[in-house]
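Novice: Take this sequence and fold it.
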Amino acid sequence: MERFKKALKDVFVWDGRDCMYIKNEKERVRARCAEEKCPWLIYVARNSKTMAFEIKTFHNKHTYGRDYGSNLADRAWVTDKLEKRLATQPKLTPREATEHMKQDYNVQVHPKMIQMALKAAREIVVGNDKAQYGKLWDYLQELHRSNWCMKFAITLYACRNGFVKGCRPLIGLDGCFLKGYYGGQLLTAMSLDANNHVFVIAYAVTRAENTENWMWFLTRFQDDLGDHQVHGWNLMSDQQKLTEMPYVHAVAAISKLRIKVTEDFVSPYLTIDAVRKTYDLCVNPVNSKEFWEKTDHPKPQPPRIVRPAGRPKKHRTESGAPLPLQ
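Specialist: Numbering: from 1, shown residues only. Have a look, this model is predicted:
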């Protein structure tokens with residue numbers, strides 16, 4: 001029911017109208033437009049048979065225009081919306097936040113409210129990210145309980161087993177940026193299954209993508225997977241390209257030889273049997289964090305934020321004029 005009321009508030013903020021609750025209980029809610037003669041009405045209650053909430057009555061028609069004096073977009077509501085935005089855009093500026101509220105929620109928020117809400121949202125997001133670092137050892141313990149894995153550079157047993165038994169002996173290495181407040185790099189080792197789908201084998205989070213961190217990751221990856229010279233693993237970085245004969249040309253060449261049993265030309269890594277071997281084991285789900293076993297290890301601290309040298313870049317509008325208030 002709380003999710004419904006949040007969604008209802010979002011609708012009224014977008015429409016620029018005020019909402020009034022006629023009945024506001026845990027099992028049922030009846031709400032209407034705040035204008036006295038407006039027929040807009042909605043009634044939601046729990047279904048006794050399915051035990052799910054459903055809309056019983058809905059009159060979706062307003063007879064009044066937008067109310068520019070609506071107070072539904074309060075600081076708590078704005079903070080909640082900016083908190084979600086900061087999760088993917090940690091360097092959000094007040095001007096960008098104002099534009100985000102205008103474009104995504106059709107509401108013009110006062111600059112002072114934007115500043116206060118952005119500050120509160122940033123404290124929540126940064127606090128949550130910092131708390132996650134303190135739970136790394138507990139998370140690792142939970143991974144060992146549900147899925148056998150290698151420490152720090154995580155290789156789940158189901159992924160390792162699937163690669164060894166069913167994937168072609170080609171390992172692709174790549175890294176990408178993490179867009180959280182503390183940043184970092186995600187290093188990955190992956191392969192391709194029989195259906196040419198990406199199959200992740202191992203991954204790790206490091207402060208930066210450099211030779212030292214790649215050596216650390218690959219050393220632990222080799223300890224878990226085995227020596228590439230013994231097993232014949234082939235490594236390919238993101239700067240290398242793989243070329244091969246197109247399937248159409250290969251089929252034409254086989255047809256020219258007039259060979260009836262074309263299966264002899266199919267690699268065992270591209271068969272249904274290879275798919276079964278790759279996905280023979282599944283990755284077991286982990287418990288919710290409140291059920292994790294607490295460890296005695298000291299809580300890790302988040303990395304220190306290193307600001308780049310020089311003045312930060314500013315995003316300016318073409319006219320340079322402030323956004324008008326409605």
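
Novice: how is this protein carved up into domains?
Specialist: 2-59, 75-133, 137-291 (automatic domain parsing).

Novice: now residue 108: how far from residue 117?
Specialist: Between residue 108 and residue 117 the distance is 14 Å, computed by Cβ to Cβ, to the nearest Å. All C-beta atoms are positioned from the backbone trio N, CA, C, and that covers glycine.

Novice: Same drill for the two, tell me which one is more crowded.
Specialist: The residue with more neighbours, out of residue 108 and residue 117, is residue 117; 25 against 15, by other Cβ atoms under 10 Å.

Novice: Check the offset of the helix or strand in which residue 273 is found from the chain's centre.
Specialist: Residue 273 belongs to helix 272-278 when assigned by DSSP states H and E. Centroid displacement of helix 272-278 relative to its chain, using Cα atoms, centre = their mean, to the nearest Å, is 29 Å.

Novice: quick one: least confident helix or strand in the chain?
Specialist: helix 247-256 (a mean of 67; mean pLDDT, DSSP states H and E).

Novice: Which secondary structure elements does the helix holding residue 273 sit against?
Specialist: Counting by 3 or more Cβ pairs under 8 Å, 6 or more residues apart in numbering; DSSP states H and E, the packing neighbours recorded for helix 272-278 are helix 157-166.

Novice: Just the C-alpha atoms of the helix it packs on, please, in PDB.
Specialist: Provided in PDB are the C-alpha atoms of helix 157-166 (Å, rounded to 0.1, in the frame of the first residue of the first chain):
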ATOM      1  CA  TYR A 157      32.400 -22.700  -8.500                       C
ATOM      2  CA  ALA A 158      29.400 -23.000 -11.000                       C
ATOM      3  CA  CYS A 159      31.100 -20.500 -13.300                       C
ATOM      4  CA  ARG A 160      34.500 -22.100 -13.100                       C
ATOM      5  CA  ASN A 161      33.000 -25.600 -13.600                       C
ATOM      6  CA  GLY A 162      30.900 -24.400 -16.600                       C
ATOM      7  CA  PHE A 163      33.800 -22.800 -18.300                       C
ATOM      8  CA  VAL A 164      36.100 -25.800 -17.900                       C
ATOM      9  CA  LYS A 165      33.600 -28.400 -19.100                       C
ATOM     10  CA  GLY A 166      31.600 -26.600 -21.800                       C
END
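
Novice: what is the orientation angle of the helix or strand just after it with helix 157-166?
Specialist: Downstream of helix 157-166, the first helix or strand assigned by DSSP H and E is strand 170-177. If you take axes from the mean of the first three to the mean of the last three Cα atoms, to 10 degrees, strand 170-177 sits at 150 degrees to helix 157-166.

Novice: Kindly provide the whole-number mean pLDDT of strand 170-177.
Specialist: Averaging pLDDT along strand 170-177 gives 89.

Novice: Relative to residue 33, how far out is residue 270?
Specialist: Residue 270 is 61 Å from residue 33, by Cβ to Cβ.

Novice: Over to residue 183?
Specialist: Relative to residue 33, and taking Cβ to Cβ, residue 183 is found at 45 Å.

Novice: could you pull out the helices for the chain?
Specialist: Under the criterion DSSP state H, helices of the chain are mapped to 2-15, 75-86, 94-105, 111-133, 136-146, 157-166, 211-225, 228-231, 247-256, 272-278.

Novice: Show me the shaky parts of the stretch 1-150 of the chain.
Specialist: Along the stretch 1-150 of the chain, the parts satisfying pLDDT under 70 run over 68-70, 147-150.

Novice: in stretch 266-280, what counts as buried?
Specialist: Going by neighbour count (16 or more other Cβ atoms under 10 Å), the buried part of stretch 266-280 is 269, 274-275, 277-279.

Novice: circling back to that earlier point, mind checking the helices of the chain for the one nearest to residue 295?
Specialist: helix 136-146 (4.5 Å; Cβ to Cβ).

Novice: for stretch 164-182, the distance to its chain's centre please.
Specialist: The mean C-alpha position of stretch 164-182 is separated from the chain mean by 16 Å, Cα atoms, centre = their mean.

Novice: same question but for stretch 224-244, I mixed them up
Specialist: 28 Å.

Novice: export that stretch as PDB, just CAs?
Specialist: The C-alpha trace of stretch 224-244 is given here as PDB (Å, rounded to 0.1, in the frame of the first residue of the first chain):
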ATOM      1  CA  ASP A 224      41.900 -21.000  -9.100                       C
ATOM      2  CA  LEU A 225      41.500 -22.100 -12.700                       C
ATOM      3  CA  GLY A 226      44.900 -23.700 -13.400                       C
ATOM      4  CA  ASP A 227      48.000 -22.900 -15.500                       C
ATOM      5  CA  HIS A 228      47.000 -21.700 -19.000                       C
ATOM      6  CA  GLN A 229      50.100 -23.500 -20.500                       C
ATOM      7  CA  VAL A 230      48.900 -26.900 -19.000                       C
ATOM      8  CA  HIS A 231      45.200 -26.500 -19.900                       C
ATOM      9  CA  GLY A 232      45.600 -24.600 -23.100                       C
ATOM     10  CA  TRP A 233      43.700 -21.400 -22.200                       C
ATOM     11  CA  ASN A 234      43.900 -18.600 -24.600                       C
ATOM     12  CA  LEU A 235      43.700 -15.000 -23.400                       C
ATOM     13  CA  MET A 236      42.400 -12.000 -25.300                       C
ATOM     14  CA  SER A 237      42.300  -8.400 -24.000                       C
ATOM     15  CA  ASP A 238      39.700  -5.800 -25.100                       C
ATOM     16  CA  GLN A 239      42.400  -4.200 -27.400                       C
ATOM     17  CA  GLN A 240      42.600  -7.400 -29.500                       C
ATOM     18  CA  LYS A 241      40.100  -8.400 -32.200                       C
ATOM     19  CA  LEU A 242      39.100 -12.000 -33.100                       C
ATOM     20  CA  THR A 243      38.600 -12.700 -36.800                       C
ATOM     21  CA  GLU A 244      37.100 -15.900 -38.200                       C
END
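
Novice: Brilliant, that's me finished.
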